[in-house]
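>>> need coordinates for the following:
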Amino acid sequence: MRILFAFFFIIILTNQSFSNQKCSSIDNLLISSECYIAKRNIELALKALSKFKESSDEEIYDFIDFKKIQILQNSKRFETEIKKFATKYPKSNLLKKVDFMHLEFLSENNLNLKLEQKIKFIEEKYPLKERDRLKIKFYKGLYFYKIEKFKKAFSFIKSVSIRNPSIKTKEVNQLIDIFRNKHSFVLNKKEKIKRLNKLYLKRQYLTFMSEYENNLSLQLLVKKSLIELKSKKEKKGLNTLKGISIGKFTSSGSQAKDLEAIAESKYQIILYELKTSKDNSALAIRLSSILTNYPNFSKNTEAGHLSARLFTLDKKYKEAIKIYNWLIKTKSEGYINKSFYGLGFSEYMLGNYKDAVGYFRLLKESDEIYYRQLGTYWTGKCLIKLNDKNLAMEEFKGLVNKYEMGYYTYLASKKFHKKNSSSVFKEAKKSAKHKDDIMLLKISKNNKKLRKEVENYIRNKINSSNFSTYLSELNQAKEFNLSIKISYSYNADKKHKFPRGYESIVLKSAQKYGVDPNLIFALIREESLYDSNAVSWVGAKGLMQIMDKTAKSLDKELKTKSNLFNPEDNVNLGSYYLMKLLRKFDNNIPNALAAYNGGPNNVILWRERFKGLDDDEFVENIPFKETHGYVKRVLRSYQYYKNNN
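Predicted structure coming up:
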């Protein structure tokens, strides 16, 4: 039996990128080599790679030779090159990848004794994570299949298929079919249920639907309906959920499981209706009835918090307070801080400031920094309402002095117009210790497969002793997105977490449209994390995440034609749009940011709905969860950029 090489899939995929291009016309030799690989011209690929190595430093020789091994993985020279690699680069972070490639080669070529030996070698040499251990199980399954120990082979393959269906998905599915059709080995009911649950968890919905069987599990029927809700079978999925919610199903034989399925169906129907419903309170009442009628429902804490939040949005604070108290009484994991916050804010909005301050003071002792800051700030706000301005100012000053940054620190600093930091942003001294690594990143920028390989290669070279120089060089090379991501793995300076990326472009647009450049930096960071090629799930593009429709309208006004993946074009349009929103909402920054994320028409409705509220009160009342968090994050970053310029 033959399992298709992943290499062949790579060839098919990458071939599309170079289909209309002459490889010889590509200036960069590494990309030229990738082009030849895609067109299956192995010798010219090797030649281009060899020339690339001649022009490179030793720092990246292991990566280049790794690419050579990839090219040769179907040839007789493959094993020779592997031995050379292990001898030349005994400390390379690519060694484990090379050894797993060797497993693939040995399996493909039916070198069973060597395959068995290699498996043992890898298990003894490397500290393997769960994913790698499951890959080893896969190869063990192949080994036993090839020596015709089918029962043992099946036990390994089915283990992989159940524990993580995303590993060797196509090959495992092929093998499961072969075991069923040729050897009459099948998963039992319990195993099928486990596998389908994992497929759902891994969002492998097509495979889930193809393997789904009736009467396996009532919970699986609910999951099948949820998949249909997301597809063209929306009506069918909704009807099935409605049927389950009123008990129209064959009992699972377990009252607890039946009640769980009924409650889950009711909950999912409410979530579905939430997208279009204008009556938050009606949905909140239905959610609270789930808490009452199905006290053992596994998602009661989620349902309860959503119910309380919906009551709050409809200004039915007393009803919300009942739910928040229930969440605290039941010690709902992950919702205690949220519930004390909900209680405090509900009492605050009712004008019960003495009660509110009690809840906010409890949050000042939270184990989470966010809630400690929140509790301190709103304690101060309550004290202002109670006409104790001196004590309120002590709270605000204490917050600013204790915490360098944060949304509530930003709000507190505005109360007495004092920066909580006086740092000046300093460019790091130019470094070139890792210039070839940085060069690889630049070269691979427009080749997704190669780029991913390069990023992983560099990430694995970074450690606690060299991260600072790497981060500085990444910023110098305008690799801001990667620098930010890596900075969170180490005790890195905040300048790496909050770079002033594309500074000349931002300053130009800021001056052109009269927008604070610090606000643009903050917005870019939270919108795209400085990834100029970012595309959101809804289709927003580039640094400032602009939708095509919005871009078309803005281009028409500016009489331009923009490429949203071009940093200068994107920042120009985004800054212009931000200027328009600031003007539309009377230069109110929270309103403008809410409009940038949630849409200006929604903000108009919210301003009317929450008329008379202070800006901080307005932000807490923003109905959209995403927009509510977005405004806070941008203002937090805005504070950092303002104080560190």
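>>> list the contacts for the residue nearest to Ala540 when sequence neighbours are not counted?
Ranked by C-beta to C-beta, 6 or more residues apart in numbering and with sequence neighbours excluded, the top spatial neighbour of Ala540 is Met547, at 5.3 Å. Yep, even glycine has a C-beta here, placed from its N, CA and C like the rest. Taking C-beta atoms under 8 Å, 6 or more residues apart in numbering as the criterion, Met547 is in contact with Val538, Gly539, Ala540, Lys541.
>>> list just the nearest of those residues to Thr376.
Ranked by distance to Thr376 (C-beta to C-beta), the contacts of Met547 are led by Ala540 at 34.4 Å.
>>> so where is the stretch 401-550 of the chain shaky, pLDDT-wise?
Within the stretch 401-550 of the chain, the stretches falling below the threshold (pLDDT under 70) are 417-431.
>>> please repeat the previous calculation with a cut-off of 80.
Under the criterion pLDDT under 80, the flagged ranges of the stretch 401-550 of the chain are 416-432.
>>> contacting residues around the residue lying closest to Glu333 once chain neighbours are set aside?
The shortest distance from Glu333 to any residue that is not its chain neighbour, by C-beta to C-beta, 6+ apart, is 6.9 Å, and that residue is Thr301. Neighbouring residues of Thr301 by C-beta under 8 Å, 6+ apart: Leu327, Thr330, Ser332, Glu333, Gly334, Tyr335.
>>> ok, which stretches of the stretch 301-450 of the chain are strands?
With DSSP state E, counting those that start in this stretch, there are no strands along the stretch 301-450 of the chain.
>>> just for the stretch 101-250 of the chain, where's the confidence low?
Going by pLDDT under 80, which is the cut-off in play, the stretch 101-250 of the chain has no low-confidence ranges.
>>> all helices of it, in order?
Taking DSSP state H, counting those that start in this stretch as the test, the helices found in the stretch 101-250 of the chain are 112-125, 130-146, 150-163, 169-183, 189-201, 205-211, 218-229, 234-245.
>>> helices or strands up against the fourth one?
In other words, helix 169-183. Helix 169-183 sits against helix 130-146, helix 150-163, with contacts defined as 3 or more C-beta pairs under 8 Å, 6 or more residues apart in numbering; DSSP states H and E.
>>> for that helix, buried residues please.
Buried residues in helix 169-183, counting neighbours by 16 or more other C-beta atoms under 10 Å, are found at Thr169, Glu171, Val172, Asn173, Gln174, Leu175, Ile176, Ile178, Phe179.
>>> what does the last one give?
Residues Gly237, Leu238, Thr240, Leu241, Ile244, Ser245 are the ones in helix 234-245 that count as buried (16+ other C-beta under 10 Å).
>>> make CSV out of those and add distance to Glu108.
Conversion of the buried residues of helix 234-245 to CSV gives the following (distance: C-beta to C-beta, whole Å):
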residue, distance to Glu108
Gly237, 41
Leu238, 47
Thr240, 44
Leu241, 46
Ile244, 47
Ser245, 51
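>>> which of those sit farthest apart?
Using C-beta to C-beta, the two most remote members of the buried residues of helix 234-245 are Gly237 and Ser245, lying 12.6 Å apart.
>>> what's around Asp388, how many residues?
Other residues near Asp388 come to 15 when the count uses other C-beta atoms under 10 Å.
>>> for Lys381, see how far away it is.
Remark: distance between Asp388 and Lys381 (C-beta to C-beta, to the nearest Å) = 11 Å.
>>> check Asn566 too.
With C-beta to C-beta as the criterion, Asn566 and Lys381 are 44 Å apart.
>>> ditto for Trp537
According to C-beta to C-beta, Trp537 and Lys381 sit 36 Å apart.
>>> so which of those two has more stuff around it?
Lys381 (24 against 5).
>>> which residues touch the more buried one?
Tyr348, Ala392, Asp616.
>>> thought the second one was touching Leu383?
Yes: applying C-beta atoms under 8 Å as the test, Ala392 and Leu383 come out as touching, 3.8 Å apart.
>>> tell me, how many residues neighbour the residue lying closest to Glu123 once chain neighbours are set aside?
Take Glu123 and drop its neighbours on the chain: the residue closest to it by C-beta to C-beta, 6+ apart is Ile136, 6.4 Å away. Using other C-beta under 10 Å, Ile136 is surrounded by 19 other residues.
>>> likewise for Lys118?
Based on other C-beta under 10 Å, the number of other residues close to Lys118 is 20.
>>> may I have the residues that are in contact with it?
Asp99, His102, Leu103, Leu106.
>>> gap between it and Val160?
Between Lys118 and Val160 the distance, using C-beta to C-beta, works out to 18 Å.
>>> burial count for Val98?
Other residues lying near Val98 total 20 when counted by other C-beta under 10 Å.
>>> tell me the domain ranges of this structure?
If the domains of the chain are taken from automatic domain parsing, they occupy 6-185, 435-497, 503-643, with pieces of a single domain joined by a plus sign.
>>> and Leu363, which of those domains is closest to it?
Here domain 503-643 is closest among the domains of the chain (C-beta to C-beta), at 13.6 Å.
>>> and that closest one, end to end?
Domain 503-643 has its terminal residues 16 Å apart, counting by C-alpha to C-alpha, to the nearest Å.
>>> centre of the chain to that domain, how far?
Averaging C-alpha coordinates over domain 503-643 and over its chain gives two centres that are 20 Å apart (C-alpha atoms, centre = their mean, to the nearest Å).
>>> helices along the stretch 501-645 of the chain, start to end?
Taking DSSP H, counting those that start in this stretch as the criterion, the stretch 501-645 of the chain contains helices spanning 503-513, 517-528, 548-558, 567-584, 589-598, 600-609, 615-620, 625-643.
>>> can you give me the buried ones in the longest one?
The neighbour-count check on helix 625-643 (16+ other C-beta under 10 Å) flags 627-628, 630-643 as buried.
>>> out of those residues, flag the one nearest to Leu482.
Using C-beta to C-beta as the measure, the one of those that approaches Leu482 most closely is Ser637, at 18.3 Å.
>>> tell me the contacts of the closest one?
Taking C-beta under 8 Å, 6+ apart as the contact definition, Ser637 lies against Phe498, Phe521, Ala522, Arg525, Glu526.
>>> cool, Leu218 as well?
For Leu218, the contacting residues are Ile244, Phe249, Thr250, Ser252, Lys257, Asp258, Ala261, taking C-beta under 8 Å, 6+ apart as the criterion.
>>> please narrow those to those residing in strands.
Among the contacts of Leu218, the subset assigned to strands under DSSP state E is empty.
>>> any chance of those residues in CSV, plus distance to Leu310?
Formatted as CSV, the contacts of Leu218 follow (distance: C-beta to C-beta, whole Å):
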residue, distance to Leu310
Ile244, 23
Phe249, 28
Thr250, 33
Ser252, 31
Lys257, 28
Asp258, 27
Ala261, 24
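>>> quick one: buried ones out of those?
Ile244, Phe249, Ser252, Asp258, Ala261.
>>> need those in a markdown table with distance to Ile323, can you?
Formatted as a markdown table, those follow (distance: C-beta to C-beta, whole Å):
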| residue | distance to Ile323 |
| --- | --- |
| Ile244 | 25 |
| Phe249 | 29 |
| Ser252 | 30 |
| Asp258 | 26 |
| Ala261 | 24 |
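>>> and the two most separated of these?
Using C-beta to C-beta, the pair of the buried ones among the contacts of Leu218 lying farthest apart is Ile244 and Ser252, separated by 11.1 Å.
>>> now distance to Leu226 too, for the helices of the stretch 501-645 of the chain, in CSV please.
What follows is the helices of the stretch 501-645 of the chain, written out as CSV (distance: least, C-beta to C-beta, whole Å):
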stretch, distance to Leu226
helix 503-513, 42
helix 517-528, 30
helix 548-558, 29
helix 567-584, 36
helix 589-598, 26
helix 600-609, 27
helix 615-620, 31
helix 625-643, 20
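>>> tell me which of these lies nearest to Glu123.
Checking the helices of the stretch 501-645 of the chain against Glu123 by C-beta to C-beta gives helix 517-528 as the closest, at 41.4 Å.
>>> output the contacting helices and strands for that closest one.
Packed on helix 517-528, when contacts are counted by 3+ C-beta pairs under 8 Å, 6+ apart, are helix 503-513, helix 567-584, helix 589-598, helix 625-643.
>>> good, we can wrap up now.
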